[in-house]
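A.B. asks: Using only what follows, build the 3D model:
(chains A, B and C)
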Amino acid sequence: MGIREWVVPQDRIFFDLFDKLAETVTQAADLLVTLVENYTDVKTQCHRMKQLEHAGDEITHEIYEQLNRTFITPLEPEEISRLASALDDILDYIDGTAQQMYGYGITETDAAMKELARLIQVSTVEIEAAVKGIRTIKDPKGIEERCIEINRLENVADSVLGHAIMDIFKTQDAVTIIKLKDIYENLELATDKCEDAANILSDIAIRHS
Amino acid sequence: MGIREWVVPQDRIFFDLFDKLAETVTQAADLLVTLVENYTDVKTQCHRMKQLEHAGDEITHEIYEQLNRTFITPLEPEEISRLASALDDILDYIDGTAQQMYGYGITETDAAMKELARLIQVSTVEIEAAVKGIRTIKDPKGIEERCIEINRLENVADSVLGHAIMDIFKTQDAVTIIKLKDIYENLELATDKCEDAANILSDIAIRHS
Amino acid sequence: MGIREWVVPQDRIFFDLFDKLAETVTQAADLLVTLVENYTDVKTQCHRMKQLEHAGDEITHEIYEQLNRTFITPLEPEEISRLASALDDILDYIDGTAQQMYGYGITETDAAMKELARLIQVSTVEIEAAVKGIRTIKDPKGIEERCIEINRLENVADSVLGHAIMDIFKTQDAVTIIKLKDIYENLELATDKCEDAANILSDIAIRHS
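C.D. replies: Numbers count the residues shown, from 1 in each chain, chains lettered A, B, ... in the order given. I've put the predicted structure just below:
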């Protein structure tokens, strides 16, 4: 076995795991949109979300295990660990907000939740494409453009959050404010985490191109 | 003086400091359990807690100072700094929640606080044992098992939090919800910080075994 | 062109960018004090604050770009990236709290907000001086003293926060508690972020002296 055959599979393992993790994040975002658009049988939908979150945890754990056991990695160990952690964070916020909706006994979703969920969904599609782009980095410009788009989406989410918060303070009672504020803020934090992942992907694209 | 004598004491300094820091964390967790089980003379108990927090800060600071002044360290500088910061974070959340109980004028503790405090206590005992295990790393399996147990305890704490939050939204007024929610969430965050420390300890055990 | 001429400009770029970023942070802190002391025309003042925050984002982005493109850096890449991120975080919390005051429809500021804003302002002046000191590091003691002072200011802010929180729970309704608590906590977090930046500056001073 030549050194090339020995090295390449190690590379493939990391990229395969990242692809799988990014796909899991997108699936969770899809499920979140379905949940807020079709807010029935919430317990079952939240159970499915939690399963995705566990699946993501396992992939993340596998990335760390590979990292601790592999000498030659296709990216810097620090880059691998930061990217895995950033993707896992997105998943945690998506799942966390879904569980919060159920736990807080929210009975219906509103326009702000739907808008934020859709912004998360579009961001995760960009993230998934950018993650798949780092395997070859033949197109660093393409990765960079996706990262700029994710930054733009985060700014939109920030503005949606600002208006939603202003609205609840005008019209709602204290207990409802507590619940909605947490949910809106956590949805917006999911887009922040997408931005963090985008910044890491952008650094990787620049360094390895 | 041979090089071995010159190198070894440096190693001992770091492990001694980590042992001391982990012991301080366990002491704080013990004090937290005492506080929530025996919620009288809260001001005095919180004062004692703040002293432990300051003691921990000083040990953490000493670890960083040693790190900046030492060329050959027994672990990677990054590992030392991450572990010190993670242990200090556990202490900050334990102390922070105690101060919050006093500051919010909480007059009695409840079942959820007691359960979360005990979960923190058990987690810190595991952390202390795992920290003491990295000095020799003769038993990486033992460290790994403790880390798995800490992860399990964090999941239990997460579930206790979920139920406690559901309960307060069902039965309490807004001001009480604000207070209890903060306290429960910060107690649960202390177990998250234990999990972070466990993950770092697990990485160290794998890399150096 | 000798190697010295080739290397030095790279150094200057990073220090120039850090000076500019630290100055932007101080300007934001000045604006925050003006806002809480003279709480009129809030929308216009918040708009100006947001412009400073965007200016800071651009400088931070430029630091990362330079870092990704430069081989020989005057500080460790990790130090540069941590310091840039810490300074940007201070700015984010200052701006975020200002936007929150406006968004929450706060009609007047109070003694705690003014005290916390002034503590942030004094801290950022120290930060700016310490940042400017790392260019030559002829005076590591001076940087260290500024860092100790920033730590002291953070402790004062923590105590101001504690008392302010105790007061609102005694006298205010739930909706007001939610608003004021968020604003106080975010102001205090700005001083925490100053402390983080100070710790990074202190490490740099020790390592490079």
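
A.B. asks: At the geometric centre of chain A, which residue sits there?
C.D. replies: Geometric centre of chain A, nearest residue: residue A:90, 3.1 Å, by Cα atoms, centre = their mean.

A.B. asks: so that one, which of the three states?
C.D. replies: helix (DSSP: H, G, I helix; E, B strand; the rest coil).

A.B. asks: Residue A:71 now?
C.D. replies: coil.

A.B. asks: Local confidence estimate at the residue of chain A found nearest chain B?
C.D. replies: Going by Cβ to the nearest Cβ, chain B is nearest to residue A:174 of chain A, at 3.5 Å. Bear in mind the C-beta positions are built from the backbone N, C-alpha and C, glycine included. On the pLDDT scale, residue A:174 is placed at 95.

A.B. asks: doesn't residue B:169 make contact with it?
C.D. replies: No. Counting by Cβ atoms under 8 Å, residue A:174 does not reach residue B:169; the two are 11.9 Å apart.

A.B. asks: Around the closest residue to chain C within chain A, how many other residues sit close by?
C.D. replies: Closest approach between chain A and chain C, counting by Cβ to the nearest Cβ: residue A:174, at 3.5 Å. Using other Cβ atoms under 10 Å in any protein chain shown, residue A:174 has 18 neighbouring residues.

A.B. asks: quick one, what contacts it?
C.D. replies: B:174, B:175, C:173, C:174, C:175, C:178 (Cβ atoms under 8 Å, 6 or more residues apart in numbering or on different chains).

A.B. asks: Among those, which one sits closest to residue A:94?
C.D. replies: residue C:178 (24.8 Å; Cβ to Cβ).

A.B. asks: Tell me if I'm right that that closest one and residue A:176 touch.
C.D. replies: No. Applying Cβ under 8 Å, one finds residue C:178 not in contact with residue A:176, separated by 11.1 Å.

A.B. asks: between those two, which one's more packed in?
C.D. replies: Using other Cβ under 10 Å as the criterion, residue C:178 and residue A:176 rank with residue C:178 on top: 21 against 14.

A.B. asks: what's the helix or strand for that one?
C.D. replies: helix C:174-208 (DSSP states H and E).

A.B. asks: residues of that helix that come out buried?
C.D. replies: Using 16 or more other Cβ atoms under 10 Å in any protein chain shown as the test for burial, helix C:174-208 gives C:174-175, C:177-184, C:186-191, C:193-206.

A.B. asks: what does chain A have sitting close to chain B?
C.D. replies: In this structure, chain A approaches chain B at residues A:64-65, A:68-69, A:99, A:103-105, A:173-175, A:178-179, judged by Cβ under 8 Å from any Cβ of the partner chain.

A.B. asks: Which two of those have the greatest separation?
C.D. replies: A:69 and A:173 (54.2 Å).

A.B. asks: Okay, helices next: where are they in chain A?
C.D. replies: A:3-37, A:42-69, A:77-103, A:111-133, A:140-171, A:174-208 (DSSP state H).

A.B. asks: and stretch A:108-119, how far from the chain's centre?
C.D. replies: Offset of stretch A:108-119 from its chain centre (Cα atoms, centre = their mean, to the nearest Å): 16 Å.

A.B. asks: Could you list the residues in contact with that stretch?
C.D. replies: In this structure, residues lying in contact with stretch A:108-119 by Cβ under 8 Å, 6+ apart are A:29, A:32-33, A:35-37, A:39, A:101, A:153, A:156-157, A:160-161, A:163-164, A:167, A:180, A:183-184, A:187-188, A:190-191.

A.B. asks: That concludes my questions; thank you for your assistance.
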